[in-house]
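A.B. asks: Sequence isn't available, so here's the structure alone:
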Ligand code: ADP
């Protein structure tokens with residue numbers, strides 16, 4: 001028989017994403033509903049290592065569902081990579097009697113949770129809080145929808161000025177290792193080309209297409225580049241294209257951190273609430289050391305040990321759609 005969980009800790013870790021607050025709220029309120037004591041852990045694993053842990057009540061999470069960022073703050077914690085750091089974290093959890101953890105973060109945070117749960121008898125539940133959507137075992141991650149909508153809104157604005165001046169715009173969106181923000185926002189804004197880290201780009205083909213469009217007097221062109229594409233982002237791509245097509249007016253725009261901020265979309269609040277609720281249900285039912293995702297609109301559970309091994313795959317069909325619609 002598994003020991004019953006009575007006191008749980010919740011933390012947000014790694015890169016922040018809009019909707020983390022809605023998720024913390026769901027964990028706290030579901031925990032209290034079930035009679036558990038809930039503790040907030042500040043700044044991700046750092047709060048565990050440094051004992052920055054406090055008791056939360058239902059009211060601690062009032063009026064945060066609509067706020068971006070995370071009230072628990074987040075960080076990258078070097079000490080947690082070491083066995084000594086994790087031992088400190090464990091001892092601090094024990095001081096509070098915490099016997100279950102909910103970790104809201106990306107794949108790095110899941111790796112930390114996986115290692116920790118293999119070493120110590122504290123069950124961990126991972127929830128995918130990342131704008132990158134680069135985790136297999138879930139169709140969506142908390143924050144992706146908001147980030148992509150922010151990117152679309154910004155690109156639409158750039159498109160207006162691009163159109164007024166007959167310019168070629170190269171817009172960089174976030175995604176060091178994953179091209180989902182670029183792919184989704186690029187398709188949604190009618191980009192001619194989308195450059196992502198997961199695919200090699202035939203830059204000669206991109207230039208050839210642009211030259212052909214120039215011949216047809218189509219001077220307004222939009223290319224969306226993920227920051228981690230093979231050339232090293234929009235500035236580099238812009239340089240290459242400007243050199244080869246000197247008569248074009250090439251402009252580069254880097255959207256940057258605005259994509260992380262802002263009020264979460266309805267969709268992100270909804271999945272954050274469902275996932276947060278499910279995480280606590282998992283701990284109560286003894287479904288330990290899993291990460292909770294949503295697949296085909298149903299809750300989906302992946303063992304943490306498997307979750308860190310796989311990445312989502314970019315759909316070939318989506319890449320084809322980009323090509324066909326841009327012609
Ligand atoms: P994200 O969760 O957004 O992918 P990171 O990759 O920075 O962000 O991971 C967040 C934190 O998770 C790290 O700062 C570290 O504390 C912890 N972590 C990541 N990988 C490991 C690991 N291999 N061992 C222990 N802790 C890890």
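C.D. replies: Sure thing, it's come through. These numbers were taken from a predicted model, which means no experiment stands behind them. Numbering: from 1, shown residues only.
A.B. asks: Disregarding flanking residues, what is the spatial nearest neighbour of the closest residue to the ligand within the stretch 101-250 of the chain?
C.D. replies: The minimum distance from the stretch 101-250 of the chain to the ligand, using CB to the nearest ligand atom, falls at residue 108 (1.8 Å). Where C-beta positions appear, they are placed from N, C-alpha and C, glycine not excepted. Leaving out its chain neighbours, the residue that sits closest to residue 108 by CB to CB, 6 or more residues apart in numbering is residue 14, at 5.2 Å.
A.B. asks: any idea whether that neighbour is helix, strand or coil?
C.D. replies: When classified by DSSP: H, G, I helix; E, B strand; the rest coil, residue 14 comes out as coil.
A.B. asks: What is the burial count for it?
C.D. replies: Here the number of neighbours of residue 14 (other CB atoms under 10 Å) works out to 23.
A.B. asks: confidence score at it?
C.D. replies: pLDDT recorded at residue 14 is 95.
A.B. asks: Tell me the residues of the stretch 1-150 of the chain that contact the ligand?
C.D. replies: 13-15, 45, 76-77, 80-81, 105-109, 111-112, 115, 130 (CB under 6 Å from any ligand atom).
A.B. asks: Emit the ChimeraX select command for whichever of those are buried.
C.D. replies: Selection of buried members from these for ChimeraX, criterion 16 or more other CB atoms under 10 Å:
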select :13,14,15,45,77,80,105,106,107,109,111,112,115,130
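A.B. asks: quick one on the thing from earlier: which element is the residue of the stretch 101-250 of the chain closest to the ligand on?
C.D. replies: Per DSSP states H and E, residue 108 falls inside helix 107-119.
A.B. asks: From the contact counts, what lies against that helix?
C.D. replies: helix 83-96, strand 100-105, strand 124-128, helix 304-307 (3 or more CB pairs under 8 Å, 6 or more residues apart in numbering; DSSP states H and E).
A.B. asks: Among those, which comes closest to residue 287?
C.D. replies: Proximity to residue 287 (CB to CB) singles out strand 124-128 among those, at 8.1 Å.
A.B. asks: Okay, now the sheet partners of the closest one, with direction.
C.D. replies: strand 100-105 (parallel), strand 290-295 (parallel) (DSSP bridges).
A.B. asks: what residues does the first one touch?
C.D. replies: Where contact means CB atoms under 8 Å, 6 or more residues apart in numbering, the residues beyond strand 100-105 that reach it are 5, 7-15, 20, 23-24, 27, 44, 70, 74, 93, 109-110, 112-113, 116, 122-130, 142, 276, 279-280, 283.
A.B. asks: again, 6 Å this time
C.D. replies: 5, 8-14, 20, 23, 27, 109, 113, 122-127, 129, 279, 283 (CB atoms under 6 Å, 6 or more residues apart in numbering).
A.B. asks: likewise the last one?
C.D. replies: Contacts to strand 290-295, defined as CB under 6 Å, 6+ apart, come from residues 110, 126-127, 137-139, 271, 275, 278-279, 300-304, 307.
A.B. asks: For this structure, which segments count as strands?
C.D. replies: 7-12, 37-41, 53-56, 100-105, 124-128, 168-173, 193-195, 221-226, 250-254, 290-295, 298-303 (DSSP state E).
A.B. asks: Which pLDDT value belongs to residue 309?
C.D. replies: 69.
A.B. asks: try residue 163
C.D. replies: pLDDT at residue 163 comes out at 80.
A.B. asks: From what I see, it and residue 220 are in contact.
C.D. replies: Yes: using CB atoms under 6 Å, residue 163 is in contact with residue 220, at 5.3 Å.
A.B. asks: So which residue is dead centre in the chain?
C.D. replies: For the chain, residue 130 is the residue whose C-alpha lies nearest the centre (CA atoms, centre = their mean; 1.8 Å).
A.B. asks: hang on, isn't it packed against residue 106?
C.D. replies: Yes: Residue 130 is within contact range of residue 106, at 3.8 Å (criterion: CB under 6 Å).
A.B. asks: Residue 44 and residue 284: what is the separation?
C.D. replies: Separation of residue 44 from residue 284 (CB to CB, to the nearest Å) stands at 24 Å.
A.B. asks: neighbour count winner among those two?
C.D. replies: residue 44 (27 against 17).
A.B. asks: Outline the domain layout of the chain.
C.D. replies: Listed domain ranges for the chain are 7-143+264-307, 144-260 (source: automatic domain parsing).
A.B. asks: most tightly surrounded among these?
C.D. replies: domain 7-143+264-307 (a mean of 21; mean count of other CB atoms under 10 Å).
A.B. asks: So what's the gap between that one and the chain middle?
C.D. replies: 14 Å (CA atoms, centre = their mean, to the nearest Å).
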